[in-house]
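K.L.:
After the sequence you'll find the predicted model.
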Amino acid sequence: MIAGNYNRISRFALKAGLASCGLTVLKLVAFRPLPPPLSAAPRRSASRLNGASRNSTGRRRTMAGETIPNTRIPILRSVPSLRSWRRPYMVNQRIVGLVPTMGALHKGHISLIRQAARECHEVVISIYVNPAQFGIKEDLASYPVTFDSDVAELARLDRELVDDGGNLGHISAVFAPTTADMYPSGFPGQEVDSTGSFVTITPVSNILEGASRPTFFRGVATVCMKLFNAVQPDRAYFGQKDVQQAVVIRKMERDFLLPTEIVIGPTMREQDGLALSSRNVYLGTRRRAVATVLSSALQAAEKAYASGKTATSAILGAANQVASRELQDQLALKPKERALFEVDYLALSDPETMEEVEAADPSKGAILTGAIRMLQVQDPQEGEDLGHSGGPLVRLIDNIILQPR
Ligand SMILES: Nc1ncnc2c1ncn2[C@@H]1O[C@H](COP(=O)(O)OP(=O)(O)OP(=O)(O)O)[C@@H](O)[C@H]1O
Ligand SMILES: CC(C)(CO)[C@@H](O)C(=O)[O-]
Ligand code: BAL
């Protein structure tokens with residue numbers, strides 16, 4: 001089936017009791033102010049210490065040598081080097097913000113870093129492609145790795161953040177650990193039945209994205225717990241683009257009594273509506289033009305809600321229509337011109353639990369989510385831009401939060 005399973009309402013099971021982990025509190029930039037630091041060290045000098053100290057001649061001595069070229073921003077490759085970098089900021093009560101990423105940075109990541117710099121004295125960006133969140137048949141081997149250009153972009157951004165007087169801080173360190181560091185007892189594997197030290201947050205991890213990617217949220221929660229324990233951030237920044245991930249991390253923070261505040265930043269998009277994503281590089285020209293179908297379908301559903309509809313069938317019906325029409329248009333083209341896709345799901349969910357609902361509750365709002373698979377192109381042409389790694393199947397996700405009214 002090419003366009004399937006639009007509405008998974010049959011698995012509706014509204015669960016109460018998870019209320020405060022969810023996204024009714026995803027008022028995008030709200031955060032709890034922390035108490036001012038006891039000693040606010042001058043921004044530039046304190047944040048660049050890198051576990052550095054000054055010797056009797058007053059010269060800077062760095063304990064962890066590697067930095068982003070032409071900057072003093074340390075690249076910390078191990079947990080011990082991170083810990084020694086972190087220690088002075090604990091003593092000084094500097095507000096430390098963490099932006100976890102898997103690299104291949106784009107404007108979505110950059111906007112999270114900008115937000116972190118507005119609200120934190122020290123911003124740490126982690127770059128780590130976490131194997132535990134990839135299923136065994138997923139794209140771990142081909143996931144884009146662009147470390148050198150990522151850190152060059154961070155250096156450029158840091159200069160901008162320092163020059164902009166409106167920020168509390170700027171980029172203080174990059175944490176790029178190895179898998180040996182992140183999994184000290186050995187990597188437990190990517191299989192569903194792998195055993196090891198995992199963090200599991202259920203039931204939210206089992207639905208929607210979790211139904212299609214059964215090890216995904218276990219891998220994400222586990223690595224985020226490790227990153228939080230290593231960095232000990234006051235705040236950690238995540239993107240709304242991965243909305244279910246944000247709900248999972250919020251629930252982990254709540255249920256494990258973590259002292260880190262989870263902040264969610266808005267989804268950054270291309271001009272035509274496509275949500276930015278590191279995986280967009282896989283698309284190539286032909287599929288890129290059709291990939292907007294997901295955001296267009298969600299926008300149609302949002303419009304239906306805005307016009308007063310609350311029944312899921314009516315709201316998702318509008319989205320389904322857009323997807324079906326696009327698919328018909330593609331099928332009408334020659335194989336060498338078309339880009340086909342499968343809808344994994346389009347769903348309307350409770351904003352706190354992500355469980356699918358039969359109708360949006362206007363007093364709470366709801367979350368519209370969707371995932372599509374852009375299939376490999378048919379009849380590829382000589383010289384055609386097929387995308388990174390030869391243009392494998394690409395899974396795209398997106399969402400819109402329907403605000404209460
Ligand atoms: N378009 C976006 N706008 C805002 N934040 C984003 C966007 N895309 C990703 N993020 C956020 O950036 C953080 C790091 O995400 P990640 O490195 O996986 O990038 P990604 O683009 O989501 O990659 P992928 O294509 O693998 O899903 C996550 O919190 C994610 O939600
Ligand atoms: C949060 C995260 C960095 C954990 O690996 C990843 O899932 C991501 O980039 O969204
Ligand atoms: N942005 C979420 C990471 C992943 O899909 O693996």
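P.N.:
Cool, the structure landed. Ligands and ions are numbered 1, 2, ... in the order given.
K.L.:
Low-confidence bits of the stretch 1-150 of the chain, can you list those?
P.N.:
The stretch 1-150 of the chain contains residues with pLDDT under 70 at 1-64.
K.L.:
So which residues of it form helices?
P.N.:
For the stretch 1-150 of the chain, applying DSSP state H, counting those that start in this stretch gives helices covering 43-47, 79-91, 107-119, 147-163.
K.L.:
Those into TSV, with extra columns for mean neighbour count and distance to ligand 1?
P.N.:
Heads up, the C-betas are built off the backbone N, CA and C, glycines and all. Listed next are the helices of the stretch 1-150 of the chain as TSV, based on neighbours: other C-beta atoms under 10 Å; distance: least, C-beta to the nearest ligand atom, whole Å:
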stretch	mean neighbour count	distance to ligand 1
helix 43-47	17	22
helix 79-91	18	18
helix 107-119	22	2
helix 147-163	16	10
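K.L.:
out of those, nearest to ligand 2?
P.N.:
helix 107-119 (8.4 Å; C-beta to the nearest ligand atom).
K.L.:
between the helices of the stretch 1-150 of the chain, which one is nearest to Gln299?
P.N.:
Distance to Gln299, taken as C-beta to C-beta, is lowest for helix 107-119 among these, at 18.3 Å.
K.L.:
and that closest one with helix 147-163, angle?
P.N.:
Relative orientation of helix 107-119 versus helix 147-163 (axes from the mean of the first three to the mean of the last three C-alpha atoms, to 10 degrees): 30 degrees.
K.L.:
How far off centre is stretch 383-399?
P.N.:
18 Å (C-alpha atoms, centre = their mean, to the nearest Å).
K.L.:
Near ligand 1, which residues of this protein are found?
P.N.:
101-102, 108-109, 111-112, 238-239, 241-242, 265, 267-268, 275-279 (C-beta under 6 Å from any ligand atom).
K.L.:
Swap in 5 Å and give it another go.
P.N.:
101-102, 108, 238-239, 241-242, 267-268, 275-279 (C-beta under 5 Å from any ligand atom).
K.L.:
Need the phi and psi values for Ser349.
P.N.:
Backbone geometry at Ser349, expressed as degrees, to the nearest 10, gives phi -130, psi 160.
K.L.:
And for it, nearest residue in space, chain neighbours not counted?
P.N.:
Ile367 (4.7 Å; C-beta to C-beta, 6 or more residues apart in numbering).
K.L.:
Tell me what that neighbour is bridged to.
P.N.:
Ser349, Ile401 (DSSP bridges).
K.L.:
contacting residues for it?
P.N.:
Contacts here follow C-beta atoms under 8 Å, 6 or more residues apart in numbering; on that basis Ile367 touches 23, 243, 348-351, 354, 399-402.
K.L.:
same thing with Pro380?
P.N.:
336, 386, 391.
K.L.:
want to throw those into JSON lines with secondary structure and neighbour count?
P.N.:
What follows is those, written out as JSON lines (DSSP: H, G, I helix; E, B strand; the rest coil; neighbours: other C-beta atoms under 10 Å):
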{"residue": "Lys336", "secondary structure": "coil", "neighbour count": "12"}
{"residue": "Leu386", "secondary structure": "coil", "neighbour count": "19"}
{"residue": "Gly391", "secondary structure": "coil", "neighbour count": "22"}
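K.L.:
Quick check: of the residues you listed, which lies closest to ligand 1?
P.N.:
Among the contacts of Pro380, and counting by C-beta to the nearest ligand atom, the member closest to ligand 1 is Gly391, at 14.8 Å.
K.L.:
Is it correct that the closest one is in contact with Ala339?
P.N.:
No - at 10.0 Å, Gly391 does not count as touching Ala339 under the criterion of C-beta atoms under 8 Å.
K.L.:
sorry, back to before: among the residues of the chain next to ligand 1, which are in strands?
P.N.:
The members of these that map onto strands under DSSP state E are 101, 238-239.
K.L.:
which residue sits closest to Gly273, ignoring its sequence neighbours?
P.N.:
Nearest one to Gly273, counting by C-beta to C-beta, 6+ apart, is Ser295 at 3.8 Å.
K.L.:
Wait, a helix at that neighbour?
P.N.:
Yes - Ser295: assigned to a helix according to DSSP: H, G, I helix; E, B strand; the rest coil.
K.L.:
residues in contact with it?
P.N.:
Ser295 touches 269, 273-275, 398, counting by C-beta under 8 Å, 6+ apart.
K.L.:
Kindly reformat the contacts of Pro380 as JSON lines containing pLDDT.
P.N.:
JSON lines is the format used below for these (pLDDT from 0 to 100):
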{"residue": "Lys336", "pLDDT": "98"}
{"residue": "Leu386", "pLDDT": "98"}
{"residue": "Gly391", "pLDDT": "98"}
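K.L.:
out of those residues, who's nearest ligand 2?
P.N.:
Gly391 (21.9 Å).
K.L.:
Do you know the pLDDT at the nearest residue to that closest one once chain neighbours are set aside?
P.N.:
Once flanking residues are discounted, Gly391 sits nearest to Gly284: 4.7 Å by C-beta to C-beta, 6+ apart. In this model, Gly284 is scored at 98, pLDDT.
K.L.:
Next, the buried residues of stretch 385-398.
P.N.:
Residues of stretch 385-398 classed as buried: 386-388, 391-392, 394-398 (neighbour count, 16 or more other C-beta atoms under 10 Å).
K.L.:
if we can go back for a sec, quick one: the residue nearest to Gly273 from Gly169, how far?
P.N.:
Ser295 sits 33 Å away from Gly169, going by C-beta to C-beta, to the nearest Å.
K.L.:
What of Leu82?
P.N.:
Noted for Leu82: a distance of 17 Å to Gly169, by C-beta to C-beta.
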